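**Student:** Build the 3D model from these lines:
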Amino acid sequence: MRWCLYPVMPSKILSNNKEVIDLARLNYAHGVPEKRAGFKQEISDFCVDEELGYELTGTGEHLCIKVLKVDLSTAEVVSHIENIFQLRSSDIGYSGMKDKRARCTQWFSLQLSPEQAKSVKSIENENLEILDSNRNSRKIKIGSHKFNHFRIRLRDCLAVSGWLERRLQIIATQGVPNYFGPQRFGRQMSNIVQVNQLMERQNLTGSYKTMPRKRLKRGMLFSAARAYLFNQLLSLRVGDDTWNRYLTGDVLNLNGTARFFTLQETEEWNENYQQRLNHFDIHPSGPLYGIVEEKDRYVSKLAAAEIETGIALRFELLVDGLKHFGLKAARRPLRFVPAGLTWKSLEGRDLELSFSLGKGAYATSLLRELCVTE
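**Tutor:** As a prediction, the model looks like this:
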């Protein structure tokens with residue numbers, strides 16, 4: 001088991017005196033990185049191009065626009081569009097949150113009439129440009145994209161030294177743990193502290209009065225809680241080297257899909273399954289904690305369930321709170337492998353990475369296995 005230990009600030013305490021464990025303290029699959037690199041020192045160092053998972057219909061009540069946003073968060077773009085067209089946040093769709101300090105292309109859907117759509121260019125400014133537009137019959141929803149294509153510049157990292165070269169080859173062939181990235185947790189893990197306080201007040205008072213009013217803020221806090229719990233479980237499985245192999249009772253994910261399956265009671269793990277696992281056709285999965293309904297067919301058992309139950313007991317307040325607020329349980333693969341990972345040296349001591357990730361995977365989770373970013 002490999003840990004990279006950092007001091008925990010006294011303010012980062014959950015209920016029952018549990019420390020908030022940030023990403024630096026989670027286990028590394030390929031050893032703690034030795035090299036350091038400058039990260040996001042310029043806006044253009046981090047570029048993301050979003051690819052939707054379907055063709056737009058060309059007709060319908062939703063105007064879909066592909067924008068280039070520079071040094072703007074997704075939430076800031078949504079707020080800007082709301083103010084321009086006097087829309088509700090529920091009238092605006094997008095596939096996921098994109099980084100603020102970056103150059104990102106991203107699709108948004110706006111419920112606008114043809115007459116309103118004539119003035120859509122009014123949203124543009126020096127940080128926001130419309131690249132493409134088309135009508136669609138439905139709103140863009142969370143997880144609607146197929147890939148995010150990344151181009152990342154790492155600065156002052158001795159270019160492609162032998163160590164980095166070996167590290168990149170390992171990542172390209174073995175993948176990395178599918179940790180949720182720091183974007184989910186807020187500055188200094190503040191979202192986790194806030195959601196824990198929310199759950200604690202609810203547990204003590206049974207009152208909804210302290211709920212954040214904005215739907216987006218509530219959703220961010222609940223998502224942060226589930227992401228935090230998933231990361232704790234994944235770190236345990238990285239520590240005992242079961243993040244990339246089958247554990248008895250695992251729920252398995254079909255690569256690149258939201259489909260899952262379990263082995264039948266009379267079925268045993270065999271060479272065919274092992275080969276599929278080796279070639280990243282299937283992955284072990286972990287829970288996004290919430291209400292498990294009776295109709296849920298894909299529930300872990302035996303050794304896998306024992307680990308998941310252990311996390312639920314350790315963070316009982318958060319898990320019970322998620323259930324109380326009605327969140328339904330879901331699953332997430334424990335690992336991912338980047339598609340088309342390439343790298344090249346740039347002038348000076350810089351390195352440029354290019355790769356694509358499917359929905360739900362974080363570039364920062366790949367980078368944490370490569371080097372320490374500053």
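
**Student:** Got the phi and psi for Ala172?
**Tutor:** phi -70, psi -30 (degrees, to the nearest 10).

**Student:** my bad, Phe85
**Tutor:** phi -110, psi 0.

**Student:** Could you tell me how many residues sit around it?
**Tutor:** By other CB atoms under 10 Å, the residues close to Phe85 number 18. From N, CA and C alone the C-beta is placed, and that goes for glycine too.

**Student:** could you pull out the strands for the stretch 51-200 of the chain?
**Tutor:** Taking DSSP state E, counting those that start in this stretch, the strands of the stretch 51-200 of the chain run over residues 62-70, 92-94, 103-111, 128-136, 145-155, 176-177.

**Student:** Now do the last one, average pLDDT.
**Tutor:** It refers to strand 176-177. For strand 176-177, the mean pLDDT works out to 98.

**Student:** So which of the strands of the stretch 51-200 of the chain is the most surrounded?
**Tutor:** The highest mean neighbour count among these, using mean count of other CB atoms under 10 Å, belongs to strand 176-177: a mean of 24.

**Student:** what does that strand contact?
**Tutor:** Contacts to strand 176-177, defined as CB atoms under 8 Å, 6 or more residues apart in numbering, come from residues 26-27, 29-30, 234-235, 238, 243, 334-338, 365-366, 369.

**Student:** rerun that using 10 Å as the cut-off
**Tutor:** 26-30, 170, 231, 234-235, 237-238, 243-244, 334-338, 361-362, 365-370 (CB atoms under 10 Å, 6 or more residues apart in numbering).

**Student:** Who does that strand pair with, and is each partner parallel or antiparallel?
**Tutor:** Strand 176-177 sits in its sheet next to strand 335-336 (antiparallel), going by DSSP bridges.

**Student:** Quick check: next helix or strand after the strand it pairs with?
**Tutor:** strand 339-345 (DSSP states H and E).

**Student:** now the angle between strand 145-155 and that following strand, please.
**Tutor:** Between strand 339-345 and strand 145-155, the angle comes out at 20 degrees (axes from the mean of the first three to the mean of the last three CA atoms, to 10 degrees).

**Student:** Flag every buried residue along the next helix or strand after strand 339-345.
**Tutor:** Sequence-wise, the next helix or strand downstream of strand 339-345 (DSSP H and E) is strand 351-358. Going by neighbour count (16 or more other CB atoms under 10 Å), the buried part of strand 351-358 is Leu351, Leu353, Phe355, Ser356, Leu357, Gly358.

**Student:** how about stretch 325-332: buried residues?
**Tutor:** Phe325, Leu327, Ala329, Ala330, Arg331, Arg332.

**Student:** Domain-wise, how is this structure divided?
**Tutor:** 15-32+179-336, 36-43+147-173+337-373, 54-143 (automatic domain parsing).

**Student:** contacting residues for Val299?
**Tutor:** Per CB under 10 Å, 6+ apart, neighbours of Val299: Gly249, Val251, Phe260, Thr262, Pro287, Val292, Glu293, Ala305, Glu308, Ala329, Arg331.

**Student:** A helix includes it, no?
**Tutor:** No. Applying DSSP: H, G, I helix; E, B strand; the rest coil, one finds Val299 to be coil, outside a helix.

**Student:** Got phi/psi on it?
**Tutor:** Here is the backbone geometry of Val299 (degrees, to the nearest 10): phi -120, psi 130.
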